[in-house]
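> Need a 3D model of the sequence below.
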Amino acid sequence: MPSFVKSNSVVPEYGPNADIFNYLLNKFNLKAAETVFIDDNKNNTEGSIKAGINSILFDGDVASLKLELFKGENNG
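Okay, here's the model as predicted:
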């Protein structure tokens with residue numbers, strides 16, 4: 001599973017603009033429907049949603065984040 005940290009020095013765009021997410025999807029050949037974006041800033045998650053990316057607003061609760069990430073994994 002690829003993972004990366006966005007840095008303004010690498011990607012010349014700023015969130016929550018959907019363009020940055022589309023840029024990253026294209027650069028790493030990712031499918032929006034198979035990608036998850038996690039951030040503690042609601043504006044950023046709204047930008048990723050506009051790009052079709054599954055997004056989670058992280059509130060600091062790691063246990064809840066794990067549940068959200070792995071929900072449905074044992075259902076099929």
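
> Flag the shaky bits of this protein, pLDDT-wise.
Within the chain, the segments meeting pLDDT under 70 span 1-15, 72-76.

> Look at the spatially most central residue of the chain and give its secondary structure.
When CA atoms, centre = their mean is applied to the chain, the residue found nearest the centroid is residue 37 (1.2 Å). Here residue 37 is recorded as strand under DSSP: H, G, I helix; E, B strand; the rest coil.

> Check residue 20 too.
Residue 20 is classified as helix under three-state DSSP.

> before we move on, what about residue 55?
Applying three-state DSSP: residue 55 is strand.

> Now do the contacts for the residue nearest to it when sequence neighbours are not counted.
Nearest non-adjacent residue to residue 55, counting by CB to CB, 6 or more residues apart in numbering: residue 45, 4.1 Å away. Using the backbone N, CA and C atoms, a C-beta is placed for each residue, glycine as well. Applying CB atoms under 8 Å, 6 or more residues apart in numbering to residue 45 gives the contacts 16, 37, 39, 55-57.

> thought the residue nearest to the centre of the chain was touching residue 48?
Yes: applying CB atoms under 8 Å as the test, residue 37 and residue 48 come out as touching, 4.0 Å apart.

> Mind listing the shared neighbours of these two?
What both residue 37 and residue 48 touch, as defined by CB under 8 Å, 6+ apart, is the set 21, 55.

> coming back round to it: and the residue nearest to residue 55, how far is that from residue 31?
For residue 45, the distance to residue 31 equals 18 Å [CB to CB, to the nearest Å].

> and if you look at residue 60?
29 Å.

> go on, residue 46?
For residue 46 relative to residue 31 (CB to CB), the value is 20 Å.

> Lovely, talk soon.
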